[in-house]
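Enquirer: Just to be clear, the model below is a prediction. Sequence and coordinates:
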Amino acid sequence: MLEFLQPFIDWYLANINYFTITVLMAVESSFVPLPSELVIPPAAYLAVTGQLNLILIIVFSTVGCVIGALFNYMLSYYLGRKIIYGLADSKLARIFFINRQKVEHAENYFLKNGNISTFIGRLLPGIRHLISIPAGLSKMNLKSFILFTALGSLIWNTILAVLSYYLIDKWEEYMQEITWGFIAIAVLFVGYLVFKAVRRRKSKKS
């Protein structure tokens, strides 16, 4: 996998700037499964060396996430459920590791948790780039969609950028462990949000 991605990594390392960060994070938030772990940590390294600003990395990566998510949202909003699921069954979708089951999973998660799932979904690997599809299918309020997407993306990008900034010298040696650490933090945070939501519902019923 790393050998397959090496040409992209080499190109990106030679062309890291706020524009490429924005574009690649937009791609990451669309239907293309580009891991944010390949985009933000190298940028954080340049922040360590003083060539980029860490805060601006977070800002532009979040802007990119919103742009990519909006692309999925608009596509789903205007094409509708039948066409979206038809595309999910196509050979082209398989190239991007998308299938009907993944789209159904994202839609069921959205229907179960409501609009807040747009926020929570941005913190869940495997569903991050797909959660905007059911938001578009359900015609979620656009302002709410942008707000929740931006907040969720901001939290994830901040965690990834800050940890990369302080652990960059260990990144290559411990990349798998650090990545799982990011996932664990996201899961714990989501668990906390779910716990609060459940308690709030129980208190309303009582």
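Expert: Everything's here; your move.

Enquirer: Mean confidence (pLDDT) on the longest helix belonging to the chain, please.
Expert: When the chain is parsed with DSSP state H, its longest helix is helix 54-88. Taken as a whole, helix 54-88 has an average pLDDT of 87.

Enquirer: Quick one: list the elements packing against it.
Expert: Using 3 or more C-beta pairs under 8 Å, 6 or more residues apart in numbering; DSSP states H and E as the contact criterion, the elements in contact with helix 54-88 are helix 18-29, helix 40-48, helix 100-113, helix 132-137, helix 142-167. Where you see a C-beta, it was placed from the backbone N, CA and C, and this is true even at glycine.

Enquirer: Could you rerun that using 6 Å?
Expert: Other elements packing on helix 54-88 under the criterion 3 or more C-beta pairs under 6 Å, 6 or more residues apart in numbering; DSSP states H and E are helix 18-29, helix 40-48, helix 132-137, helix 142-167.

Enquirer: and among those helices, the most buried is which?
Expert: Across the helices and strands packed on helix 54-88, the average number of neighbours (mean count of other C-beta atoms under 10 Å) peaks for helix 132-137, which reaches a mean of 26.

Enquirer: could you give me the average pLDDT of it?
Expert: 83.

Enquirer: Identify the residues contacting that helix?
Expert: Contacts with helix 132-137, where a contact means C-beta atoms under 6 Å, 6 or more residues apart in numbering, come from 69, 72, 73, 76, 77, 81, 106, 107, 110, 118, 145.

Enquirer: Could you export stretch 42-62 as CSV, CA atoms only?
Expert: Once side chains and other backbone atoms are set aside, the C-alpha atoms of stretch 42-62 remain, and they are given as CSV (Å, rounded to 0.1, in the frame of the first residue of the first chain):
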residue,chain,number,x,y,z
PRO,A,42,3.8,16.2,6.6
ALA,A,43,2.3,19.7,6.8
ALA,A,44,2.9,19.7,10.6
TYR,A,45,6.5,18.8,9.9
LEU,A,46,6.9,22.0,7.9
ALA,A,47,5.2,23.8,10.9
VAL,A,48,8.0,22.4,13.1
THR,A,49,10.6,23.8,10.7
GLY,A,50,8.8,27.2,10.6
GLN,A,51,7.9,26.9,6.9
LEU,A,52,4.1,26.7,7.6
ASN,A,53,1.9,27.9,10.5
LEU,A,54,0.2,25.2,12.5
ILE,A,55,-3.0,27.2,13.1
LEU,A,56,-3.3,27.9,9.4
ILE,A,57,-2.8,24.2,8.6
ILE,A,58,-5.8,23.5,10.8
VAL,A,59,-7.9,26.3,9.3
PHE,A,60,-7.2,25.4,5.7
SER,A,61,-7.6,21.6,6.2
THR,A,62,-11.0,22.3,7.8
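
Enquirer: Can we start the residue count at 28 from this point?
Expert: Okay, residue one is now 28; in that scheme the one you just asked about reads as stretch 69-89.

Enquirer: what comes into contact with it?
Expert: Residues external to stretch 69-89 that are found in contact with it (C-beta under 6 Å, 6+ apart): 40, 43, 45, 48-49, 52, 67, 180-181, 184-185, 188, 191-192, 195.

Enquirer: If anything else comes up later, I'll come back, but that's it for now.
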